[in-house]
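> Got a predicted structure plus its sequence, pasted below:
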Amino acid sequence: MKTALITGANKSIGFEVAKQLAQKEHYVYLGSRDLQKGEEAVAKLKALGLNNLEAIQLDVTAQDSVSSAATTLGQKINSLDVLINNAGISGGFPQSPTEIDTGVIREVFETNFFGPIEMIKKFLDLLKKSASPRIVNVTSGLGSLTLHSDPSWKYYAVKGAAYGPSKTALNAYTLVLAHALKETSFKINVIDPGYTATDFNQHRGPGNVEDAARFVVKYALLGNDGPTGRFFSHDFEGKDNESPW
């Protein structure tokens, strides 16, 4: 059975991704900053008849927590097939570039940008032991500089100094990482699940978590001929949902 680790998996899209991967015969580790909430999420999924799941304490902003999780998983499994960096925060809106506290920007970047980097570095050895390692960095359409420069884009007016830039930075890092590992069996992409109704946005998004998670899972399960170093958005209507950077 293949293995998967998802950060921020105790609720919303992360929870649904865990459910769908478990249904596709993966043993899923639900990373949760609050272990009790992670265990409650696992209990909900087990009540649905899914037993191939386990919660793990994981705060992506704390190096000790990430290191401990990597050590724990290293004692449980021989390899990690899928890493989904899903945990993220918005920092609250509005985010005026001239008025925002730089501390808020730093906080958002710690979770949305530095967190995934720390996760990848700490779990890279386990991923390298997989025959087909996959990394999905969950991003947002708000990370696209091309779209943000297009007045006809439907979200053109939605701009902020912390959240969007943190995802732009994550996109850039992913591109560099995919290039560094292009001669390997890794498939590494940034995936925007679309504007989805969750606690993250006070349930204002038009999309649902089932469809959003299905889009993420698609790229977690790419075949050996699948793309790498690309940006795909559930909200973008271009060919194959490939978004401009």
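Received the coordinates, thanks.
> CA-only coordinates of stretch 2-18, as PDB, when you get a sec.
The C-alpha atoms that make up stretch 2-18 are tabulated as PDB, following Å, rounded to 0.1, in the frame of the first residue of the first chain:
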ATOM      1  CA  LYS A   2       1.300   3.400  -1.000                       C
ATOM      2  CA  THR A   3       1.800   6.100   1.700                       C
ATOM      3  CA  ALA A   4       0.800   9.700   1.800                       C
ATOM      4  CA  LEU A   5       1.300  12.600   4.200                       C
ATOM      5  CA  ILE A   6      -0.900  15.700   4.200                       C
ATOM      6  CA  THR A   7      -0.300  18.800   6.200                       C
ATOM      7  CA  GLY A   8      -3.300  20.700   7.600                       C
ATOM      8  CA  ALA A   9      -5.400  17.600   7.100                       C
ATOM      9  CA  ASN A  10      -7.800  17.700  10.000                       C
ATOM     10  CA  LYS A  11     -10.400  19.800   8.200                       C
ATOM     11  CA  SER A  12     -11.600  21.300   4.900                       C
ATOM     12  CA  ILE A  13      -9.800  20.400   1.700                       C
ATOM     13  CA  GLY A  14      -7.000  18.600   3.500                       C
ATOM     14  CA  PHE A  15      -9.500  16.400   5.300                       C
ATOM     15  CA  GLU A  16     -11.300  15.500   2.000                       C
ATOM     16  CA  VAL A  17      -8.000  14.800   0.300                       C
ATOM     17  CA  ALA A  18      -7.100  12.400   3.000                       C
END
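> May I see the buried residues of that stretch?
By 16 or more other Cβ atoms under 10 Å, the buried positions in stretch 2-18 come out as 2-18. Using the backbone N, CA and C atoms, a C-beta is placed for each residue, glycine as well.
> And for stretch 137-145?
Neighbour counts over stretch 137-145 (16+ other Cβ under 10 Å) mark 137-144 as buried.
> how long is that stretch end to end?
Across stretch 137-145, the terminal residues are separated by 17 Å (Cα to Cα, to the nearest Å).
> Among the buried residues of stretch 2-18, name the ones in helices.
12-18 (DSSP state H).
> Reformat the buried residues of stretch 137-145 as a markdown table; add secondary structure, distance to residue 51 and pLDDT.
Conversion of these to a markdown table gives the following (DSSP: H, G, I helix; E, B strand; the rest coil; distance: Cβ to Cβ, whole Å; pLDDT from 0 to 100):
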| residue | secondary structure | distance to residue 51 | pLDDT |
| --- | --- | --- | --- |
| 137 | strand | 28 | 98 |
| 138 | strand | 26 | 98 |
| 139 | coil | 31 | 98 |
| 140 | coil | 33 | 97 |
| 141 | helix | 36 | 97 |
| 142 | helix | 37 | 97 |
| 143 | helix | 36 | 98 |
| 144 | coil | 39 | 98 |
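> closest to residue 115 among those?
residue 137 (10.2 Å; Cβ to Cβ).
> who touches the closest one in this structure?
Residue 137 makes contact with 85, 116, 170-171, 173-174, 188-191, according to Cβ atoms under 8 Å, 6 or more residues apart in numbering.
> is it true that residue 7 touches residue 29?
No - if you go by Cβ atoms under 8 Å, residue 7 and residue 29 don't touch, sitting 9.8 Å apart.
> Show me the residue at the heart of the chain, geometrically.
residue 86 (2.6 Å; Cα atoms, centre = their mean).
> surely that residue meets residue 7?
Yes - under the criterion of Cβ under 8 Å, residue 86 makes contact with residue 7 at 5.3 Å.
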